[in-house]
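S.K.: any chance you could fold what I've pasted below:
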Amino acid sequence: GAGVERAPARRAPRWVVPVAALAVPAVVAGVVIAASGGKKAAAATVSVSPSDCGKGFTAPRPGRQTFEMHNTGSQTSEVYLIDPASNAVYGEIEGLAPGTTRTLTATIGSGDYAWRCVPTGGKAVTSAAVHVSGGGTTKAVLPVAESDLAAPLAQYKAYVDAGLAALQGQTAKLAADLRAGDLAAAKADWLTAHTQYASLGAAYGTFEDFDAKIDGRADGLPDGVHDQDFTGFLRIEYGLYHGESAAALAPLADRLAADVTGLRKAFPTQDFDPSDLPLRTHEILENTLQFELTGDTDEGSGTNLATAQANLTGTQELLTVLRPLVEKRSPTLPGTVDADIARVAALLRQAHRPDGSWIPVEQLDRRTRTTLNGAVGQLLEDLAPIPDLLEIRKSA
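M.R.: Now for the predicted structure:
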């Protein structure tokens, strides 16, 4: 398999399977994540510092090799085993502290190899290259710079801005329905607006406090669903499906519409970290599996699967803007993911009744529910390499 091999980080992002827990390398959609164990007798010790980057590195034999990377400098450093011609990465260690040693395991094939040491706040230093012959082909991952994500980020921000503009009108209509006392229209327009919001999942981290106001859950609030801090879509859903009057719900809808208007105004100035885009390709549907396919967030409408479909739409938009970067690093991965998405979408369509209503997730028969969970699980497994492939690296 082709991919970046990394030593265990001190803290893994939420989407990463802790590599130290794996007994063997995990190969997922062609990407290898190294399982790094304790020190091995054959390991070569290689120095990491601005003055000694790569000291002790000699041409290794082809095959699986282990290196003990020792930081002899005074600054924490990023360490990369690279192809010096392309800067593509074979293995990495993030945040190697001064005076410490960590293991990096990499599969060595025929080609040129060098170490690149990037001290915090300092300039990158590259070791002399060594040439290895007699081995197979080992594909490295081209590094991603922040500038590579600039165009996808601009595209995605435009998508979110357009989505918020639509949401602004939809929440205003919901509020108007309730002020007019039309609960039937309010239920239909609530679903339209809620699924619109659910399709913007990659931006939730950017929305700051607005997300809690607009789509927060009652979990952990002292008075639960009756708590004054429980507002937004799920609070209105609770009222619509638990017999509350339109007059009682109208102020909540007015507040929701005001919060959406505030979010739309604030969004262009909010800080959107480019590295969030690759992370969210996996995290949106991770949350879908946890909250929607379990029915955890259902406040009475039984529309968790509509939300899941919206989450899938949001994931597809992310994959669209990131596709050129992914294809360049793993040509077959987008096709695999496309097939997974088509399978999940078809299963969700089966739960959408001809009259526009949705089968509540808990009413799915056992086989259908198991199949849906399995399809989403497979999609998540195939999406998992993307954050690693598109991680911003300092190896370039």
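S.K.: please, where are all the helices along the stretch 1-150 of the chain?
M.R.: For the stretch 1-150 of the chain, applying DSSP state H, counting those that start in this stretch gives helices covering 150-179.
S.K.: for it, which segments count as strands?
M.R.: For the stretch 1-150 of the chain, applying DSSP state E, counting those that start in this stretch gives strands covering 5-6, 26-28, 31-33, 44-48, 63-71, 77-82, 89-96, 101-108, 111-119, 125-126, 130-132.
S.K.: show the backbone phi and psi for the nearest residue to Gln155 once chain neighbours are set aside.
M.R.: Among residues not flanking Gln155 along the chain, Val321 sits closest, at 4.4 Å (C-beta to C-beta, 6 or more residues apart in numbering). For every residue, glycine as well, the C-beta is placed using N, CA and C. Here is the backbone geometry of Val321 (degrees, to the nearest 10): phi -70, psi -30.
S.K.: report the backbone C-alpha coordinates of the helix or strand hosting Arg264 in PDB.
M.R.: Secondary structure assignment for Arg264, by DSSP states H and E: helix 246-266. Once non-C-alpha atoms are left out, helix 246-266 reads as follows in PDB (Å, rounded to 0.1, in the frame of the first residue of the first chain):
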ATOM      1  CA  ALA A 246     -47.900  27.800  17.600                       C
ATOM      2  CA  ALA A 247     -48.100  30.900  19.800                       C
ATOM      3  CA  ALA A 248     -45.700  29.300  22.300                       C
ATOM      4  CA  LEU A 249     -43.300  28.300  19.600                       C
ATOM      5  CA  ALA A 250     -43.300  31.600  17.600                       C
ATOM      6  CA  PRO A 251     -40.800  33.400  19.900                       C
ATOM      7  CA  LEU A 252     -38.400  30.500  19.600                       C
ATOM      8  CA  ALA A 253     -38.700  30.500  15.800                       C
ATOM      9  CA  ASP A 254     -38.100  34.300  15.800                       C
ATOM     10  CA  ARG A 255     -35.000  33.800  17.900                       C
ATOM     11  CA  LEU A 256     -33.800  31.000  15.500                       C
ATOM     12  CA  ALA A 257     -34.300  33.300  12.500                       C
ATOM     13  CA  ALA A 258     -32.400  36.100  14.300                       C
ATOM     14  CA  ASP A 259     -29.500  33.700  15.100                       C
ATOM     15  CA  VAL A 260     -29.300  32.500  11.500                       C
ATOM     16  CA  THR A 261     -29.200  36.100  10.300                       C
ATOM     17  CA  GLY A 262     -26.500  36.800  12.800                       C
ATOM     18  CA  LEU A 263     -24.500  33.800  11.700                       C
ATOM     19  CA  ARG A 264     -24.800  34.800   8.000                       C
ATOM     20  CA  LYS A 265     -23.600  38.300   8.800                       C
ATOM     21  CA  ALA A 266     -20.700  37.000  10.900                       C
END
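S.K.: mean confidence score for whichever helix or strand comes after it?
M.R.: Next in sequence after helix 246-266, counting helices and strands by DSSP H and E, comes helix 276-287. Across helix 276-287, pLDDT averages out at 94.
S.K.: who's in contact with helix 276-287?
M.R.: Contacts to helix 276-287, defined as C-beta atoms under 8 Å, 6 or more residues apart in numbering, come from residues 13-15, 149, 152-153, 156, 201-202, 205-206, 311-312, 314-315, 318-319, 321-322, 376, 379-380, 383-384, 386-387, 389-391.
S.K.: ok so, going back, so for Ala247, which of the strands of the stretch 1-150 of the chain sits nearest?
M.R.: Nearest to Ala247, of all the strands of the stretch 1-150 of the chain, is strand 26-28, at 53.2 Å by C-beta to C-beta.
S.K.: which of the strands of the stretch 1-150 of the chain has the lowest average pLDDT?
M.R.: Among the strands of the stretch 1-150 of the chain, strand 26-28 carries the lowest mean pLDDT (a mean of 29).
S.K.: how many neighbours does Leu380 have?
M.R.: Using other C-beta atoms under 10 Å, Leu380 is surrounded by 19 other residues.
S.K.: what segments of the stretch 251-396 of the chain are helices?
M.R.: With helices called from DSSP H, counting those that start in this stretch, the stretch 251-396 of the chain shows them at 276-287, 304-329, 333-350, 366-383, 385-389.
S.K.: pick the most buried one from these.
M.R.: Mean neighbour count (mean count of other C-beta atoms under 10 Å) peaks for helix 385-389 among the helices of the stretch 251-396 of the chain, with a mean of 24.
S.K.: put the alpha carbons of that helix into PDB.
M.R.: Extracted C-alpha coordinates of helix 385-389, given in PDB (Å, rounded to 0.1, in the frame of the first residue of the first chain):
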ATOM      1  CA  PRO A 385      -7.200   8.200   4.800                       C
ATOM      2  CA  ILE A 386      -8.200  11.600   3.400                       C
ATOM      3  CA  PRO A 387      -7.300  13.700   6.400                       C
ATOM      4  CA  ASP A 388      -3.900  12.000   6.500                       C
ATOM      5  CA  LEU A 389      -3.400  12.400   2.700                       C
END
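S.K.: which elements pack onto it?
M.R.: Here helix 385-389 touches strand 31-33, helix 276-287, helix 304-329, helix 333-350, going by 3 or more C-beta pairs under 8 Å, 6 or more residues apart in numbering; DSSP states H and E.
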